[in-house]
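Colleague: what would the 3D arrangement of this be:
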Amino acid sequence: MPKFLTKTHTGLLASAVAAALAVTATTATAIPGPGVHFVAHLDIAGGQRPENIALEPGGGAVVTFAYSRQIARISLTGEVHILATLPEPPAGSTTPALSSPFLGGIVRTHDGTLYFLNATGSNDLTGLWRLRPGGAPQRIAALPADGLPNGLAIDQHERRLYIADSVLGTVWRVPAGGGTPTRWATTPELAADGFLGANGIKIHRGAVWVSNLDKGTVLRIPVTRHDKAGPVQTRATGLVNIDDFAFIGHGDTLLAAINADNEVALVEPSGRHKAMLTGADGLENPTSLAVRGTTAYIASGAYFTNNDPNLLAVRITPGK
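Modeller: Have a look, this model is predicted:
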């Protein structure tokens, strides 16, 4: 890990409703741009391209490495420890849209159990997987092999998981204990428009929020009294190549990873948005974000830059 020599403070302006977002971070000697604290530079030759991230208590994170079939823990000092490697799919299997096997979203429960998504194009491996502390990974829900389960969110109170399928344009729902998935929402707003549709997904204030990569939108789907999907609301547009996103504060202001553009955008409740971090800050095709308290973590997969997959951290003061 490089030593950090300077500190900078960057003010991120939000709307009057969301107030301000102030970013404080450290500049690594390897990157000239300010505002970035590198937690880890990852091994691109070893297939360490982080796709999704879940935070652990006391610091550190667990990530999915998209194309190496691995789950890993990254410490606050940048050490990488492989927790599990998933089975290789049968010969001839082709993952829809991506060809290669793909590990997508990951979430963590209070007891340390990890849930994550695996897409292989094969019926025996595609689906929702679980990894308990000290255990081995196991598939607990099968998903269609012709889909691409990508984003994953958990409603810890209701003990349900929601899955964004980027190829089938569907939000699936699965009990935390596993079982048969329910096709919870299928609507044109979730569909792809050339490559990938529904991508990132979060549970927030009584609704399921989903990003659509091709259409550049952030969608809000209310959860009704009967646990059904309510009418889809488009909350932001013009965010083409949006991957994952994360809310800051208690309102609807969020940070969005704009993958191909090497940006993290601040998106206000009105839908207005502005780039806050760029490739100059060390982003290399950002794939996912996670926020805890006053720190936001950003994973970059370097899918197109093919240079430096990494994990960044920035200090934030969330708006109300």
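
Colleague: show me where the protein has helices.
Modeller: In the chain, no helices are defined using DSSP state H.

Colleague: low pLDDT regions in it?
Modeller: Low-confidence segments of the chain, defined by pLDDT under 70: 1-36, 317-320.

Colleague: give me the nearest residue to F304, chain neighbours excluded.
Modeller: Spatial nearest neighbour of F304, chain neighbours left out: N285 (5.4 Å); criterion: C-beta to C-beta, 6 or more residues apart in numbering. Every residue, glycine included, has its C-beta placed from N, CA and C.

Colleague: an error on my part: the question was meant for K274.
Modeller: L266 (5.6 Å).

Colleague: do you know how far Y67 is from K215?
Modeller: 25 Å (C-beta to C-beta, to the nearest Å).

Colleague: can you check F247 too?
Modeller: F247 is 20 Å from K215, by C-beta to C-beta.

Colleague: which of the two has more neighbours?
Modeller: Per other C-beta atoms under 10 Å, whichever of F247 and K215 has more neighbours is K215, with 24 against 18.

Colleague: the nearest residue to the more buried one once chain neighbours are set aside: neighbour count?
Modeller: Distance criterion C-beta to C-beta, 6+ apart; nearest residue to K215, sequence neighbours excluded, is D193 at 5.5 Å. Neighbours of D193 under the rule other C-beta under 10 Å: 14.

Colleague: next: R315.
Modeller: Neighbour tally, R315, other C-beta under 10 Å: 18.

Colleague: ok, it touching T294?
Modeller: Yes - with contacts counted by C-beta atoms under 8 Å, R315 reaches T294, the gap being 5.5 Å.

Colleague: now the strands for the stretch 151-300 of the chain?
Modeller: Counting by DSSP state E, counting those that start in this stretch, the stretch 151-300 of the chain has these strands, from start to end: 160-165, 170-175, 182-186, 198-204, 207-212, 217-222, 233-236, 242-247, 254-258, 263-267, 273-277, 286-292, 295-300.

Colleague: name every strand pairing with the last one and say which way it goes.
Modeller: Spelled out, that is strand 295-300. Taking DSSP bridges as the criterion, strand 295-300 forms sheet pairs with strand 286-292 (antiparallel), strand 310-317 (antiparallel).

Colleague: the residue nearest to K274: neighbour count?
Modeller: Residues near L266, counting by other C-beta under 10 Å, number 23.
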